[in-house]
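[1] One predicted model, sequence on top.
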Amino acid sequence: MVRHTGPRAMRDRGVMLRRIAALVLDGLAISLLGFAVSRGTDFMYAVFREISTDEAAQPTYWGDITPWPAILIYFVLTESSPWQASPGKIPLSLALRADQDVRVRSMRALVRTVVKGLSIYVAIAPFGVGLPVLIAIPFFSRSRKALHDWVAETVVVDRLA
C-alpha cells in the first residue's frame, strides 16, 4: 500500500537516485528477457529453415524487433499490477501512481511505456546528444517527473514516504 503520493514523495534526490537504480535493474531484466526472446526467434528460424524445402515459405526474420513486445508486456503488466511497480522498483520501495492518486491502469501504463521508449530512441538517435537532457528533466523539474510521466499523467513515488 502506498502511504504518500503527494509531491513531497518525489522531492528528495535520494528517491531520484533510487529511480535511476530501478531503471538499471529493469534494464538488466529486459536485456535478459530480450536476449531469450531473440535467441528463441533465432532458434525457431533455424529449425524452420532446416525442415522447410519451399524457399517461398521462409519466415521473415524478426530478431531485431522481437524485444519490443517483451518490453511492452514487461512494463504494462508490472506497472498496472497490484504492486504498482516494475520488478526494478519493488526492491527499492518505489511505486507508480496516476496523478489523481489512483492505481495505474493498463492503458496508462502502455502510453507511459511507448512514450518512454520513443523519448529514449529520439534522445539516443543523434549520437546520444539528447540523453543527458532527457535524464536531467526530472532532476530540475518542480514535480520531479520525467517526460513519459508528464504525458501519461503518472508519478513515481516512495512507498515509505
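    All right, it came through fine. Numbers count the residues shown, from 1 in each chain.
[2] what about Phe139, neighbour count?
    Counted with other Cβ atoms under 10 Å, residues neighbouring Phe139 total 11. All C-beta spots, glycine's among them, are computed from the backbone N, C-alpha and C.
[3] Could you grab the helix/strand/coil label for it?
    helix (DSSP: H, G, I helix; E, B strand; the rest coil).
[4] so what's the nearest residue to it once chain neighbours are set aside scoring on pLDDT?
    Nearest in space to Phe139, with sequence neighbours left out and distances taken as Cβ to Cβ, 6 or more residues apart in numbering, is Met16 at 6.2 Å. Here the pLDDT value assigned to Met16 is 79.
[5] Which helix or strand contains Met16?
    Assigned by DSSP states H and E, Met16 falls within helix 13-51.
[6] For Lys89, give me its contacts.
    19, 22, 26, 95-96, 156 (Cβ atoms under 8 Å, 6 or more residues apart in numbering).
[7] so what's Pro138 up against?
    Pro138 touches 16, 19, 144-146, 149, counting by Cβ under 8 Å, 6+ apart.
[8] what residue ranges in this protein score low on pLDDT?
    1-13, 37-38, 40-67, 161 (pLDDT under 70).
[9] Next one: Leu28 relative to Val15, how far apart?
    In this view, Leu28 and Val15 are 20 Å apart by Cβ to Cβ, to the nearest Å.
[10] Please identify which of the two sits among more neighbours.
    Ranked by neighbour count (other Cβ under 10 Å), Leu28 and Val15 place Val15 first, with 20 against 12.
[11] What sits closest to the more buried one if chain neighbours are left out?
    Excluding the flanking residues, the one nearest Val15 by Cβ to Cβ, 6+ apart is Asp158, at 5.0 Å.
[12] how about the helices in this structure?
    8-11, 13-51, 67-79, 106-124, 131-140, 147-152 (DSSP state H).
[13] Which members of the contacts of Lys89 are the farthest-apart pair?
    Spanning the widest gap among those are Asp26 and Ala95, at 13.9 Å by Cβ to Cβ.
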